[in-house]
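Colleague: quick check, what structure comes out for this input:
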Amino acid sequence: MHQPDVPHRADLAIAARERLHDLLHVWEKLSREIRRRLHAHRRALKILIRLAVGISVVATTLLVIAWNATPSTADLANWVRAQDAREHVPYTPFSAITPIMAHALVAIEDERFYQHHGIDTIGLLRAAWDDLRAGRLVEGGSTLTGQLAKNAYLQGNDRSVGRKLEDLLLAVKIERRYSKSQILEMYLNLVYFGDGAYGIGAATMRYFGILPSQLDLAQAALLAGLVQAPSAYDPYCHMRIARMRQEAVLARMVADGYITAAQGRAAGQKTLTLRLTFTASTPDAYC
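Modeller: Predicted coordinates for the structure are as follows:
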């Protein structure tokens, strides 16, 4: 019977060597291509790194120049006192203001006040996103410290990009020099509460005929709500809207843990007695 041809062992070895040679050739080509691409990527990475370093150097230089160009905050406390004196309103030390007033203000205006150092990154990014969607500057993302800087140094105007940058730098300067309590003290003595009342001392007297140390939760929440838009939330002219704003303040205080839900409900239901009264027959006597 005819036996099938069996490849010679030498032929098998030759075929194996040829196969191995082909594989090595393919691997060499693949390796060259990988090295070529890695070299191109490394060059691109080096360029990007150099570009990033250059941008960082330029940005740092500009930031240093802007930092040195902004005013010193060393005399801010004296300036706030002088402003109150000019307006003939009392300056109230922080120790003479009921703590619930500061809690209400922080809750509604700057909930991360005790965590940031003048710039609230989360609030700033949210404001930037809102500005981007609107195609214009609609949100400030400002902290209480930033608002203090704006009112003290920028005449209340930070609508341009340059002004916003200056506001941020001033806020950082203020935070570096003053404690949180000092910042709140200056803010509460400078901010406008509406109805001609500059500062917490004038506001408590104007609206309730009492001292800042005598404010209760309902009254403090109402005053804290006025800061954003004093005319719109004026309780003398728009009590219903003022109470809605007060409820928003109380809700934030509950969410931030300053008060319990029960305390918030009780304060929201409490009747507010204002110092001045007007009758329906004289609607233009005030508003």
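Colleague: quick one: average confidence on stretch 179-191?
Modeller: Averaged over stretch 179-191, pLDDT sits at 98.
Colleague: which residues touch Tyr91?
Modeller: Tyr91 makes contacts with 80-81, 84-85, 189, 199, 201, as judged by Cβ atoms under 8 Å, 6 or more residues apart in numbering. All C-beta atoms are positioned from the backbone trio N, CA, C, and that covers glycine.
Colleague: now the residues you listed as CSV including distance to Gly54, secondary structure and neighbour count?
Modeller: Formatted as CSV, those follow (distance: Cβ to Cβ, whole Å; DSSP: H, G, I helix; E, B strand; the rest coil; neighbours: other Cβ atoms under 10 Å):
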residue, distance to Gly54, secondary structure, neighbour count
Val80, 42, helix, 21
Arg81, 46, helix, 14
Asp84, 48, helix, 18
Ala85, 50, helix, 11
Asn189, 45, helix, 25
Gly199, 48, coil, 24
Gly201, 52, helix, 20
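Colleague: Val106: which of those residues is nearest?
Modeller: Asn189 (15.9 Å; Cβ to Cβ).
Colleague: might you report the residue contacts of the closest one?
Modeller: By Cβ under 8 Å, 6+ apart, Asn189 lies in contact with 80-81, 84, 91-92, 199-201.
Colleague: do you know the pLDDT at the closest residue to it other than its chain neighbours?
Modeller: Here the nearest residue to Asn189 in space, its sequence neighbours aside, is Gly199; by Cβ to Cβ, 6 or more residues apart in numbering that works out to 4.5 Å. For Gly199, the pLDDT comes out at 96.
Colleague: Gly199 against Val191, yeah?
Modeller: Yes - between Gly199 and Val191 there is a contact at 7.2 Å, judged by Cβ atoms under 8 Å.
Colleague: what packs against the helix or strand hosting His41?
Modeller: Using DSSP states H and E, His41 sits within helix 9-69. Using 3 or more Cβ pairs under 8 Å, 6 or more residues apart in numbering; DSSP states H and E as the contact definition, the elements that helix 9-69 packs against are helix 161-177.
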